[in-house]
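Chemist: Need coordinates for the below:
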Amino acid sequence: MNKIAIIFKMIKFEHSIFALPFAYMGAILAAEGLPTFWQVFWITVAMVGARSLAMSLNRLIDKEIDKKNPRTKNRALPKKLLSEKDVLIFSLISLVVFLLAVYSLAPLCRWLWPFIVLPFVVYPYTKRFTWYCHLFLGMCLGLAPIGAWIAIKNSVSLVSILLGVAVCLWVAGFDIIYACQDIQIDKEQNLYSIPAKFGIEKALRTAGIFHLFSVGIFLLVGILANLGLIYFFGLGVVSFLLLYENRLVSPDDLSKLNAAFFTMNGVISTVMFVFTFLDFMVKGVAI
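Modeler: Reported below is the predicted structural model:
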């Protein structure tokens, strides 16, 4: 396998689908219809650059932690399939791609981009000192719809912030579920997580509460943005999917954890975007 293929595997490029639909959702809400082709193009480039940067930094900073975890010891850096220099160069290229997109979007993006990049650097370290690390990860992805809104409107609004908070809680919830499989290794490495701190049962309950609040905030977004029945029907579908996701795992059975994490999250974010898109299509606003 060549280095490029290894890098794409390392950053799990295919999982970009988690956050990208929410960025598009932020863009559609900001534009109150369809953004222009070039706005969508540069938002997509910005998202790919930002996510690639975040994932490569995460792998670089967590290299020693990954080496001691049976689940992650076969990643590219611990197995020396890539050098730190390789990953650092890829990080810099990702940053350049991200900045190229930022400078092609609304002017305010050029001033605010450091506030997008900084959490990417801080998040990997948070698991070393706080079990709020799940919310830091959520914040990294929650910035996607806010950034897309700014890219269109050249301003921030309450709706965009609420959308970001909803995504943040959704991500934090599923990250808590995912962290349940590492509870023992986290304790051995003195790493912080809600499962390691409070146990799996309370962690899963916390994830459920986060998802409940996430749905509530998505509901508020729909009301404040004056969205229609199609959006709220889509939110109902997402609520059911989140309930199903939380039911896939239990303190006694984490065997379906990967399905809860990878499959369901891709479906949930896509469904949320599609129903928002359809809502505007049916209303025929600015399309």
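
Chemist: can you list the residues that contact the strand or helix carrying residue 8?
Modeler: Per DSSP states H and E: residue 8 is located in helix 3-10. For helix 3-10, the external contacting residues (C-beta atoms under 8 Å, 6 or more residues apart in numbering) are 1, 55, 56, 59, 75, 76, 77, 81, 82, 86, 87, 90. Every C-beta, even on glycine, is put in place using the N, C-alpha and C of the backbone.

Chemist: again with stretch 70-80
Modeler: 6-7, 9-10, 59-60, 62-63, 65-67, 82, 84, 87, 181-182, 185.

Chemist: just to revisit the earlier point, starting at the chain centroid, how far to the helix holding residue 8?
Modeler: 20 Å (C-alpha atoms, centre = their mean, to the nearest Å).

Chemist: Can you name the next helix or strand after that helix?
Modeler: helix 20-31.

Chemist: any idea of the mean pLDDT in that next one?
Modeler: Helix 20-31 shows an average pLDDT of 94 in the prediction.

Chemist: chain center to it, what's the gap?
Modeler: 14 Å.

Chemist: which residues touch it?
Modeler: Contacts of helix 20-31 (C-beta under 8 Å, 6+ apart): 34-35, 39-40, 43-44, 47, 141, 144-149, 151-153, 159-160, 163-164, 167, 221, 225, 269-270, 272-274, 276-277, 280, 286.

Chemist: rerun at 6 Å
Modeler: 35, 43, 47, 144-145, 148-149, 152-153, 163, 167, 225, 269-270, 273, 276, 280 (C-beta atoms under 6 Å, 6 or more residues apart in numbering).

Chemist: how about the CA coordinates for it, as CSV?
Modeler: What follows is helix 20-31, C-alpha atoms only, in CSV (Å, rounded to 0.1, in the frame of the first residue of the first chain):
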residue,chain,number,x,y,z
LEU,A,20,-20.2,17.4,6.1
PRO,A,21,-24.1,17.1,6.0
PHE,A,22,-24.3,19.4,9.0
ALA,A,23,-22.0,21.9,7.3
TYR,A,24,-24.3,21.8,4.2
MET,A,25,-27.3,22.2,6.6
GLY,A,26,-25.8,25.3,8.1
ALA,A,27,-25.1,26.7,4.6
ILE,A,28,-28.7,26.0,3.4
LEU,A,29,-30.2,27.7,6.5
ALA,A,30,-27.9,30.7,6.1
ALA,A,31,-28.8,31.0,2.4
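
Chemist: Please name every helix or strand in contact with the very next helix or strand once past that helix.
Modeler: Scanning forward in sequence from helix 20-31 by DSSP H and E, the next helix or strand is helix 37-61. Contact here means 3 or more C-beta pairs under 6 Å, 6 or more residues apart in numbering; DSSP states H and E; on that basis helix 37-61 packs against helix 20-31, helix 84-102, helix 108-126.

Chemist: Taking helix 20-31 as reference, get the angle to helix 37-61.
Modeler: 140 degrees (axes from the mean of the first three to the mean of the last three C-alpha atoms, to 10 degrees).

Chemist: buried stuff in the helix or strand just after helix 37-61?
Modeler: Downstream of helix 37-61, the first helix or strand assigned by DSSP H and E is helix 63-67. By neighbour count on 16 or more other C-beta atoms under 10 Å, the buried set for helix 63-67 is 63, 65, 66.

Chemist: Same list (the residues you listed) but as CSV, adding distance to residue 137 and pLDDT.
Modeler: Shown next, in CSV, are those (distance: C-beta to C-beta, whole Å; pLDDT from 0 to 100):
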residue, distance to residue 137, pLDDT
63, 18, 92
65, 15, 93
66, 16, 92
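
Chemist: can you redo those as TSV with distance to residue 175?
Modeler: Formatted as TSV, those follow (distance: C-beta to C-beta, whole Å):
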residue	distance to residue 175
63	20
65	15
66	16
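
Chemist: what helix or strand is residue 73 on?
Modeler: Following DSSP H and E, one finds residue 73 outside all helices and strands.
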